[in-house]
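[1] the sequence and its predicted three-dimensional model are supplied below.
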Amino acid sequence: MNFPRSLRTRFTIQTGGAIVSLVVVFAVITILAVSLHLYDAAASDAYSVYSGLHQAHGDTLTAIVHEYTRAVDPHIWIIRSGRVVLRSPNASSRPAGPLTTGLAQQPFSFRLVKSNRLVTYVINWPLKPDLDLLEDLVLSMTIVGIAAAAGGVLLGRWTTHRVLEPVKRMTRSVEVMLSTNQFLPVENPSRTDDEFSQLAWLLSELVQTLEARWQRDRTLLADAAHQLRTPLEVIRGNLDILRNWDTIDRATEEESLAAIDRAVSEMITLVGDLLTLEHVRNEGPAQLDPYPLTTLLEDASEDARALNPSLHIVLQGQTQETIRVHEPFARRALWAVLENAVKYSPENGRIEISVLTQGDLCGISIRDYGPGIPEEDIPHIFTRFYRGQNGRGKSGTGLGLSIADALMRSQKGHITVDTGQDGTTFTLWFLRMSSPIS
């Protein structure tokens, strides 16, 4: 069997069916109750007639019996020794059927049979008027049922229209988004603050989240394509040179191969940085474990000295703290900031690494004595691929500080920056061992 697929049609049918079912149940109960009441009333009336006959004698009894002349009056027989000695004018010569109390036929009636020694009283109380009443009641209930069914269908359609109209509005909003390929907020489809309003708000939040993610992905793709263009052009240009291998000297060949190697290394670094950013963004908060600050700082300092042996790397402050970190993320974030300081420090310069505490936080402060960051560049230093005025011409992908910021946020930490003409100080704030993880 194929059922209607439209929710509106199904709800209309269900509403109409429910109303009709209620009317039918009510009608059946009403008819049964009225029938039982009429039956009890007929039995009570027949018993009242018997009481009057039982107490009368002689001419009085005869007069009472002869008063029942109409067909709708009770039919009475008084039987003595098996012979009818007295009957009402509307009664037949003998009562038909068995002489037992209950329903009797011809005519349809309630029969009351009472025996008193040698005398038997038979009283048939006609039920024809009651049957006519029941027929009228059944007809009325049928009309009411038909009207209720029609009303139920109309009510169901009106109700479903009111209930589903907000859903239709939201559906149209989504269809517009699909047809225009634009993420638009879903307007509140309901005039009241009900469940549909909450659903519209949630859909709007979802749409805005998807819009932000879509824009971020588009920007990332465009920036990555832009950043990869230069090394790819370098590779292509040097490959064109190497195609003429029989006409170039050994030095030119080695220079071209070295340029290709640098370009490939740059692309590998760029792709690795992009994968790191995507991993941090998708994984959410990292698992934090206790880790000694001394180990983290000593390893980072040694790497910085190896990168530029002419620099003086100085550790200051209490380094015996234990912090809550995700070790690989903490090392990568610290190195991104420290590498940045090494890159912008002058030859034989100085980098100071200090440990600060502030409530539940422990900070690693990295100060260099480079050119500093221009004021207009500060709001953008954690933006992917952003290069300020002092960063142009420097090596790197432009993702270091962006990665450091993302890694710190995933560890419930953050980075602050203070800059001037005499250098820049970055501070990485981690949770201390004694701090609760919310």
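    Great, that's in hand. Numbering: from 1, shown residues only.
[2] next, the buried residues of stretch 288-297.
    Going by neighbour count (16 or more other C-beta atoms under 10 Å), the buried part of stretch 288-297 is 288, 291, 293, 296, 297. (Glycine included, C-beta is placed from N, CA and C.)
[3] cool, and stretch 310-318?
    Residues 311, 313, 317 are the ones in stretch 310-318 that count as buried (16+ other C-beta under 10 Å).
[4] likewise for stretch 55-73?
    Of all the residues in stretch 55-73, those buried under the rule 16+ other C-beta under 10 Å are 61, 64, 65, 68, 73.
[5] same question for stretch 210-228.
    Buried residues in stretch 210-228 (16+ other C-beta under 10 Å): 220, 223, 224, 227.
[6] let me know the secondary structure of the second one.
    Right, residue 223. At residue 223 the chain is in helix, as set by DSSP: H, G, I helix; E, B strand; the rest coil.
[7] and it, what does it touch?
    Counting by C-beta atoms under 8 Å, 6 or more residues apart in numbering, residue 223 makes contact with 384, 385.
[8] read off the pLDDT value for it.
    On pLDDT, residue 223 comes in at 72.
[9] distance of it from residue 264?
    Using C-beta to C-beta, to the nearest Å, we find residue 223 at a distance of 19 Å from residue 264.
[10] what do you get for residue 136?
    Distance of residue 136 to residue 264, given as C-beta to C-beta: 99 Å.
[11] where along the chain do the helices fall?
    Ranges of helices in the chain, per DSSP state H, are 7-55, 58-66, 128-180, 195-243, 250-283, 293-307, 327-344, 400-410.
[12] would you mark the buried spots in the fifth one?
    When you say that, I think you mean helix 250-283. For helix 250-283, by 16+ other C-beta under 10 Å, it's 256, 259, 260, 263, 266, 267, 270, 273, 274, 276, 277, 280.
[13] list the contacts for the residue lying closest to the last one once chain neighbours are set aside?
    Right, residue 280. Among residues not flanking residue 280 along the chain, residue 406 sits closest, at 4.5 Å (C-beta to C-beta, 6 or more residues apart in numbering). Counting by C-beta under 8 Å, 6+ apart, residue 406 makes contact with 277, 280, 281.
[14] residues contacting residue 363?
    Applying C-beta under 8 Å, 6+ apart to residue 363 gives the contacts 355, 356, 357, 427, 428, 429, 430.
[15] was I right about residue 203 contacting residue 167?
    No - applying C-beta atoms under 8 Å as the test, residue 203 and residue 167 come out as separate, 11.2 Å apart.
[16] can you tell me, leaving aside adjacent residues, what's nearest to the residue nearest the centre of the chain?
    Centroid-nearest residue in the chain, with C-alpha atoms, centre = their mean: residue 199, separated by 7.8 Å. Spatial nearest neighbour of residue 199, excluding adjacent residues (C-beta to C-beta, 6+ apart): residue 170 at 7.2 Å.
[17] swap in residue 291?
    If the residues on either side of it in the chain are set aside, residue 291 comes closest to residue 325, at 5.0 Å by C-beta to C-beta, 6+ apart.
[18] equivalent analysis for residue 131, please.
    Closest to residue 131 by C-beta to C-beta, 6+ apart is residue 108, at 6.8 Å.
[19] so what's the one you found up against?
    So residue 108 contacts 126, 127, 128, 131 (C-beta under 8 Å, 6+ apart).
[20] closest one to residue 239 out of these, please.
    residue 131 (107.8 Å; C-beta to C-beta).
[21] okay, the closest one: pLDDT?
    You'll see residue 131 listed with a pLDDT of 83.
[22] and what of residue 415?
    Residue 415 is given a pLDDT of 93.
[23] neighbours around it, how many?
    21 (other C-beta atoms under 10 Å).
[24] cool, the one 10 residues further on as well?
    Residues contacting residue 425 under the criterion other C-beta under 10 Å number 16.
[25] bridging residues for it?
    Here residue 425 sits in beta bridges with residue 367, residue 418, going by DSSP bridges.
[26] who's in contact with it?
    Counting by C-beta under 8 Å, 6+ apart, residue 425 makes contact with 365, 366, 367, 368, 417, 418, 419.
[27] and if we set it to 7 Å?
    365, 366, 367, 418 (C-beta atoms under 7 Å, 6 or more residues apart in numbering).
[28] export stretch 165-181 as PDB, just CAs?
    Provided in PDB are the C-alpha atoms of stretch 165-181 (Å, rounded to 0.1, in the frame of the first residue of the first chain):
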ATOM      1  CA  GLU A 165       4.300  27.400   7.200                       C
ATOM      2  CA  PRO A 166       7.500  28.200   9.200                       C
ATOM      3  CA  VAL A 167       9.100  25.100   7.800                       C
ATOM      4  CA  LYS A 168       8.100  26.200   4.300                       C
ATOM      5  CA  ARG A 169       9.700  29.600   4.900                       C
ATOM      6  CA  MET A 170      12.900  27.900   6.100                       C
ATOM      7  CA  THR A 171      12.900  25.600   3.100                       C
ATOM      8  CA  ARG A 172      12.600  28.500   0.800                       C
ATOM      9  CA  SER A 173      15.500  30.200   2.500                       C
ATOM     10  CA  VAL A 174      17.700  27.100   2.000                       C
ATOM     11  CA  GLU A 175      16.500  26.800  -1.600                       C
ATOM     12  CA  VAL A 176      17.600  30.400  -2.200                       C
ATOM     13  CA  MET A 177      21.000  29.600  -0.800                       C
ATOM     14  CA  LEU A 178      21.400  26.600  -3.000                       C
ATOM     15  CA  SER A 179      20.300  28.500  -6.100                       C
ATOM     16  CA  THR A 180      22.500  31.500  -5.500                       C
ATOM     17  CA  ASN A 181      25.400  29.600  -4.000                       C
END
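[29] how distant is that stretch from the center of its chain?
    When distances are taken as C-alpha atoms, centre = their mean, to the nearest Å, stretch 165-181 is centred 18 Å away from the chain's centroid.
[30] that stretch - what's its average pLDDT?
    In this model, stretch 165-181 carries a mean pLDDT of 78.
[31] low-confidence ranges, this structure, go.
    Filtered on pLDDT under 70, the chain yields the residue ranges 1-5, 106, 185-194, 282, 284, 387-397, 435-438.
[32] can I see the domain layout of it?
    By the assignment in automatic domain parsing, the chain contains the domains 195-282, 285-432.
[33] turn those domains into TSV, including distance to residue 97.
    Formatted as TSV, the domains of the chain follow (distance: least, C-beta to C-beta, whole Å):
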stretch	distance to residue 97
domain 195-282	66
domain 285-432	91
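[34] and these: which comes nearest residue 83?
    domain 195-282 (82.4 Å).
[35] returning to that earlier point: between the buried residues of stretch 310-318, which is closest to residue 16?
    Distance to residue 16, by C-beta to C-beta, is smallest for residue 317 among the buried residues of stretch 310-318, at 79.7 Å.
[36] mind listing what the residue lying closest to that closest one once chain neighbours are set aside touches?
    Counting by C-beta to C-beta, 6+ apart, the nearest residue to residue 317 once its immediate chain neighbours are dropped is residue 355, at 3.6 Å. Neighbouring residues of residue 355 by C-beta under 7 Å, 6+ apart: 293, 317, 318, 319, 321, 362, 364.
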